[in-house]
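Undergrad: everything below, folded, please.
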Amino acid sequence: KALIGALTLDQIVNNYLQPCKLDADGKTEDNTNGVMAEGKPYTSMEHAWDEAFGYLYGQEPDATADLSSPGGAGTLLNKYLKKVSAGDVAPGISEPIFKAFVKGRQAIVDGDYETRDAQAKIIQENLSKVIGAMTINYLKSYL
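TA: Residues are numbered from 1 along each chain as shown. All right, here's what the predicted structure looks like:
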């Protein structure tokens, strides 16, 4: 369980939502100029953001739904996000995470990279709290 959570958290917060991934290889210029990824209806920057979203919500039956209250489908971090958001350590934490994903994606479409980065920070900080909350829950259950 810990390894799955660590893997997905790492990919989201330390890879896909980092400027070194989002801005690399001319992605900022291409995104600003509306250059789509080859054969795709999205830019490379949009795709990187969407991959982070997929690491969290990709096993939900309907990833286009309002996931501010996630269904917790699958075996990845989303399952723990649902538990933590419904618990007493960080209640409601799923809502700011989902809203930040949506607002950050729109910021990319709008070419507003300052807002994109601010939303990435919200996601990074809150997802890290999910891991902390699960740790607290596991420790409480053993004490």
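Undergrad: what are the ranges of the helices in this structure?
TA: 2-11, 19-22, 27-32, 44-57, 77-86, 94-110, 113-142 (DSSP state H).
Undergrad: what mean pLDDT does the last one have?
TA: Model confidence over helix 113-142, given as mean pLDDT, is 93.
Undergrad: indicate which one of the helices of the chain is closest to residue 63.
TA: helix 44-57 (5.3 Å; CB to CB). For every residue, glycine as well, the C-beta is placed using N, CA and C.
Undergrad: touching the closest one from outside, list them.
TA: Helix 44-57 is contacted from outside by 8, 11-12, 15-17, 21-23, 25, 27-28, 30-31, 37, 40, 42, 63, 67, 70, 76-78, 81, 97, 101, 104-105, 108-109, 116, 123, 127, using CB atoms under 8 Å, 6 or more residues apart in numbering.
Undergrad: also stretch 93-102?
TA: 49, 52-53, 56, 66-70, 81-82, 84-85, 119-120, 122-123, 126-127, 129-130, 133.
Undergrad: again, only this time at 7 Å
TA: Contacts with stretch 93-102, where a contact means CB atoms under 7 Å, 6 or more residues apart in numbering, come from 53, 67-70, 81-82, 84-85, 119, 122-123, 126-127, 129-130.
Undergrad: in those residues, find the pair that's most separated.
TA: Maximum distance among the contacts of stretch 93-102 (CB to CB): 20.9 Å, for 82 and 119.
Undergrad: tabulate the helices of the chain (a markdown table), appending mean neighbour count.
TA: Below are the helices of the chain laid out as a markdown table (neighbours: other CB atoms under 10 Å):
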| stretch | mean neighbour count |
| --- | --- |
| helix 2-11 | 15 |
| helix 19-22 | 16 |
| helix 27-32 | 17 |
| helix 44-57 | 22 |
| helix 77-86 | 22 |
| helix 94-110 | 19 |
| helix 113-142 | 16 |
